[in-house]
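# Fold the following, please.
(chains A and B)
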There are 2 protein chains.
Amino acid sequence: MQYYVGVDIGGTNSKIGILNDQCEILAEESIKTNSTEGANATFVRIWQTAQKLAASQNITVDQLEGIGLGIPGPVVDQAIVKIAANFSWGNDFNAKQLMETISGKPVKVENDVRAIALGEKLFGAGRGSKNAIVIPIGTGIAAGMILDNQILSGSAGCAGEFGHIMVNENGLKCGCGLTGCLETYVSAPGVVREAKRLLSEQQAGEFYQKFANQLDLLEAHHVFDYAKQGDVVALKVIDNFAKYLAYGIGVLLNIINPEVIILAGGVAKSATFIIEKVQQYLPHYALSVSLQNLQIKPSELLDSAGVKGAAALIINKELSQ
Amino acid sequence: MQYYVGVDIGGTNSKIGILNDQCEILAEESIKTNSTEGANATFVRIWQTAQKLAASQNITVDQLEGIGLGIPGPVVDQAIVKIAANFSWGNDFNAKQLMETISGKPVKVENDVRAIALGEKLFGAGRGSKNAIVIPIGTGIAAGMILDNQILSGSAGCAGEFGHIMVNENGLKCGCGLTGCLETYVSAPGVVREAKRLLSEQQAGEFYQKFANQLDLLEAHHVFDYAKQGDVVALKVIDNFAKYLAYGIGVLLNIINPEVIILAGGVAKSATFIIEKVQQYLPHYALSVSLQNLQIKPSELLDSAGVKGAAALIINKELSQ
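Residues are numbered from 1 along each chain as shown, chains lettered A, B, ... in the order given. Below you'll find the predicted structure:
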């Protein structure tokens, strides 16, 4: 039997998993990334954790075929992190080389969103599709694209920065420096901000009663939950969210013409509810020909998407399967 | 020596060329498409013209390696025209099969814009690039994309319908049925419409003097010409055109992250002038990381793009070259 290591490296925590060739997680652990220690120290701890997890499953180091790393930021050649924004590892950081030196195993590195897209394409909601776009929505929004059975990385490793298309010329300043980015509306912080704004304007309803005096406790999932229950204020926020998301998806459809769009990230838990609303707006933004035979689906990998996507990089499977 | 046939099939006219393996046109002729005769009659005339042109160059039919067809509309599998909108040839029309039967030669068929993109990538302004987007602007606007050295066709053959991303929610109705499409602003008819509107409002200047009493004669190239000369009204029209085009290019950059954007079609003649203006607006719409190392260039194939692109489909050349 062959086994694989999938690592989802985040700014705060990193998840390490041991997976089989069906991309099933056999053992998993989360450790602090502590990137200020330097990349070498972090990578050594990741490899130690992987070895420990393998041992717990009676898997020898020899049986580990390779390591896949998913990491935020622009990645090129499945090796080099051009800008390690959330880490103190400098630019043009060769994560592949470092992990290969430490572990002695073959390593592939990819932007985390693109790794998730590959995971969904090979083992999740995108199985059997030739052109699939995975859209994780959480703190931000991005698009991982598998086009003609290939991961699209872009020339500088930053394809899929879909959250930064402008949707409102007079909108809010985005963290990226641009104005009115899709991400300022279609993200967990965007939902919370709009909910707070509307709650302070329209002081009525159960949602208002619950959060009026504790706005600081309000999180995006509360807004989705109250919207599902029919609360007028929450519904208005989610409706606006869905409209902007439909605009963004419409842009992707007109340009890329995929057969499947997969919603992932934190909001995937409310995906069915969101998809229904997005479908209502989509005919205003996308050519009808690109809507025919299109499926919009929730993630199947859900919370495991990061680790499974990273492992998918290294599991030997034909992308056209 | 090997030779190739490139055919640019249009709603009114079709251009047929005989090309060498450097994609140089040796002989070329334009014939009426007359699609109402039926596809068989048109394709027979195309093949007769190709044979005649070959003979004029002392090229035997045996020396013709194959035929590339560029055709408007969604094309899948480099064979089937899903919707032959400008022709009376029905849907799911197998253009490859018909032309192979008539000619006895290998045939590849592609959407005309994507064929042009391939031509620019292999033999024009996109040489040596891995990710290139060609944007022909004329009656409409679209994007032909070469991503990771592959033509992106999309799941239903309609990738690149970039002209139909919405840029103004309260904009004009587009021919496609949607509202406020990029194409309603960034196209020759869009430029003419805006120029006429502004000329009737701001009745001054040389441009106004020339066209005030003959608005029907106004064409897009006049507006570009007067703008280059500094006419205030014409400049305002072109500035608005460039702003919308920059928005559209910004969307493409954020999503695709190509290293080269090539402006083609009728406006390519004013490309240098337009590119200068687009560059001014682009930092408002695209992440700076996707602007680094980006080149925006005019078409090199220009008026021959259709025939050369079609021939490029069939010339045996590695796409990664």
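# got the contact list for the residue nearest to the spatial centre of chain A?
Taking C-alpha atoms, centre = their mean, the centroid of chain A lies closest to residue A:136, which sits 3.7 Å from it. For residue A:136, the contact set (C-beta atoms under 8 Å, 6 or more residues apart in numbering or on different chains) comprises A:113, A:116, A:142, A:144, A:264-265, A:268, A:299, A:305. C-beta here means a position set from N, CA and C on the backbone, and glycine is covered the same way.
# at 7 Å instead, please
By C-beta atoms under 7 Å, 6 or more residues apart in numbering or on different chains, residue A:136 lies in contact with A:113, A:116, A:142, A:264-265.
# Lowest pLDDT pick from those?
Scanning these for pLDDT, the low point is residue A:265. It has 92.
# Quickly note the distance from it to residue A:136.
Separation of residue A:265 from residue A:136 (C-beta to C-beta, to the nearest Å) stands at 4 Å.
# List the contacts of the residue of the stretch 51-200 of chain A found nearest chain B.
Among the residues of the stretch 51-200 of chain A, residue A:154 lies closest to chain B, at 2.6 Å counting by C-beta to the nearest C-beta. The neighbourhood of residue A:154, defined by C-beta under 7 Å, 6+ apart, consists of B:131, B:256-257.
# Need the residues that contact stretch A:48-58.
A:3, A:5, A:16, A:18, A:26-27, A:29, A:31, A:61, A:64.
# Filter the residues you listed down to the buried ones.
A:3, A:5, A:16, A:18, A:27, A:64 (16 or more other C-beta atoms under 10 Å in any protein chain shown).
# So which of these would count as near chain B as well?
The subset of these within reach of chain B, counting by C-beta under 7 Å from any C-beta of the partner chain, is empty.
# could you dump those residues to CSV with secondary structure and pLDDT?
Converted to CSV, these look like this (DSSP: H, G, I helix; E, B strand; the rest coil; pLDDT from 0 to 100):
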residue, secondary structure, pLDDT
A:3, strand, 97
A:5, strand, 98
A:16, strand, 98
A:18, strand, 98
A:27, strand, 98
A:64, strand, 97
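# Next, format those residues as TSV and append distance to residue B:207.
Converted to TSV, the buried ones among the contacts of stretch A:48-58 look like this (distance: C-beta to C-beta, whole Å):
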residue	distance to residue B:207
A:3	72
A:5	67
A:16	67
A:18	71
A:27	73
A:64	71
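# I'd like the distance from the helix or strand harbouring residue A:227 to the chain centre, please.
Assessed by DSSP states H and E, residue A:227 sits inside helix A:220-228. In terms of C-alpha atoms, centre = their mean, to the nearest Å, the centre of helix A:220-228 is set 20 Å apart from its chain centre.
# Give me the mean pLDDT for it.
96.
# Can you give me the buried ones in the next helix-or-strand element following that helix?
Past helix A:220-228, further along toward the C-terminus, the next helix or strand under DSSP H and E is helix A:232-256. Within helix A:232-256, the residues that count as buried by 16+ other C-beta under 10 Å are A:233-235, A:237-238, A:240-256.
# of those, list those near chain B.
Checking the buried residues of helix A:232-256 against chain B (C-beta under 7 Å from any C-beta), the matches are A:247, A:250-252, A:254-256.
# what would those look like in JSON lines with pLDDT?
Below are those laid out as JSON lines (pLDDT from 0 to 100):
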{"residue": "A:247", "pLDDT": "98"}
{"residue": "A:250", "pLDDT": "98"}
{"residue": "A:251", "pLDDT": "98"}
{"residue": "A:252", "pLDDT": "98"}
{"residue": "A:254", "pLDDT": "98"}
{"residue": "A:255", "pLDDT": "98"}
{"residue": "A:256", "pLDDT": "98"}
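# Dump those residues into JSON lines; add distance to residue A:273 as well.
Shown next, in JSON lines, are these (distance: C-beta to C-beta, whole Å):
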{"residue": "A:247", "distance to residue A:273": "18"}
{"residue": "A:250", "distance to residue A:273": "19"}
{"residue": "A:251", "distance to residue A:273": "22"}
{"residue": "A:252", "distance to residue A:273": "21"}
{"residue": "A:254", "distance to residue A:273": "25"}
{"residue": "A:255", "distance to residue A:273": "26"}
{"residue": "A:256", "distance to residue A:273": "25"}
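# which of those residues lies closest to residue B:159?
Nearest to residue B:159 among those, counting by C-beta to C-beta, is residue A:256 at 5.7 Å.
# Wait, that closest one touches residue B:159, no?
Yes - here residue A:256 reaches residue B:159: they are 5.7 Å apart, a contact under C-beta atoms under 7 Å.
# What parts of chain A come near chain B?
Near chain B, when you scan chain A using C-beta under 7 Å from any C-beta, you find A:74, A:130-131, A:143, A:147-148, A:150, A:152, A:154-156, A:158-162, A:164-166, A:176, A:178, A:247, A:250-252, A:254-259, A:284-285, A:287, A:289-290, A:292-293.
# Could you list which of those belong to strands?
A:147, A:150 (DSSP state E).
# In PyMOL, select just the buried ones from the residues of chain A next to chain B.
Listed next is the PyMOL selection for buried residues among the residues of chain A next to chain B, using 16+ other C-beta under 10 Å:
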select buried, chain A and resi 74+130+131+143+147+148+150+152+154+155+156+158+159+160+161+162+164+165+166+176+178+247+250+251+252+254+255+256+257+258+259+285+287+289+290
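# Based on its surroundings, how many neighbours for the closest residue to residue A:313 other than its chain neighbours?
Computed as C-beta to C-beta, 6 or more residues apart in numbering or on different chains, the closest residue to residue A:313 that is not its neighbour in sequence is residue A:68, at 3.5 Å. Look at residue A:68: counted by other C-beta atoms under 10 Å in any protein chain shown, it has 30 neighbours.
# Same check on residue A:298?
For residue A:298, using other C-beta under 10 Å, the count is 19.
# Who are the contact partners of it?
Per C-beta under 7 Å, 6+ apart, neighbours of residue A:298: A:125, A:263, A:268, A:271-272.
# same check, this time on residue A:257
Here residue A:257 is in contact with A:131, A:290, B:154-156, B:158-159 (C-beta under 7 Å, 6+ apart).
# pLDDT score for it?
On pLDDT, residue A:257 comes in at 98.
# What ranges does the stretch 101-250 of chain A have for its helices?
Counting by DSSP state H, counting those that start in this stretch, the stretch 101-250 of chain A has helices at residues A:112-123, A:188-201, A:206-211, A:220-228, A:232-256.
# Mean pLDDT per element in chain A, and the minimum belongs to which helix or strand?
Lowest by mean pLDDT, DSSP states H and E among the helices and strands of chain A is helix A:206-211, with a mean of 90.
# List the buried residues for that one?
Buried, per 16+ other C-beta under 10 Å, within helix A:206-211: A:207-208, A:211.
# Point out where the stretch 1-150 of chain A drops to low pLDDT.
Regions of the stretch 1-150 of chain A meeting the criterion pLDDT under 70 are absent.
# quick revisit: how about the helices of the stretch 101-250 of chain A, which one is nearest residue B:81?
helix A:232-256 (19.3 Å).
# now that closest one: how far from the chain's centre is it?
Helix A:232-256 sits 17 Å away from the centroid of its parent chain (C-alpha atoms, centre = their mean).
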